[in-house]
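1. got a predicted model here, sequence first, then my questions.
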Amino acid sequence: MGDLRNPKIIWLKGALFLLLGLMAAGLLVFQTWNLQITVLLLITIWAFCRSYYFAFYVVEHYVDSNYRFAGLLDFLKYAFKRPNRPK
């Protein structure tokens, strides 16, 4: 399967991911009706978004300009195999 190149399909895919996330989070919140669970869910979503941003944008623009991402598994391989890893 080749890369997705049609802008309309890419936007549709993004919208479907957003809808899926909203539905899943909404079902969790409405199922529990618990403020603590809701806050923890929001913190979890925020933290994963920030780690994704770090893995791709921050590393590429501020740490290693030669790094180009292809997915989370490629980032993990890069993070654990590079010789200048912080100790």
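-> Sure, I can see it.
2. contact partners for the spatially most central residue of the chain?
-> Computing the C-alpha centroid of the chain and ranking residues by Cα atoms, centre = their mean puts Tyr52 first, at 4.0 Å. Tyr52 makes contact with Leu72, according to Cβ atoms under 8 Å, 6 or more residues apart in numbering. No exception for glycine: its C-beta is placed from N, CA and C like everyone else's.
3. give me the next element, helix or strand, following the lengthiest helix in the chain.
-> Longest helix in the chain, counting residues (DSSP state H): helix 7-32. Where DSSP states H and E defines the elements, the next helix or strand beyond helix 7-32 is helix 35-53.
4. pull out the buried residues from that next one.
-> Residues Leu41 are the ones in helix 35-53 that count as buried (16 or more other Cβ atoms under 10 Å).
5. what about Tyr67, distance to Glu60?
-> As defined by Cβ to Cβ, to the nearest Å, Tyr67 lies at a distance of 5 Å from Glu60.
6. which stretches of this protein have low pLDDT?
-> 1, 83-87 (pLDDT under 70).
7. how's it carved up into domains?
-> Domain ranges of the chain: 1-32, 34-87, per automatic domain parsing.
8. what comes up buried for the shortest one?
-> Spelled out, it's domain 1-32. So, applying 16+ other Cβ under 10 Å, domain 1-32 has no buried residues.
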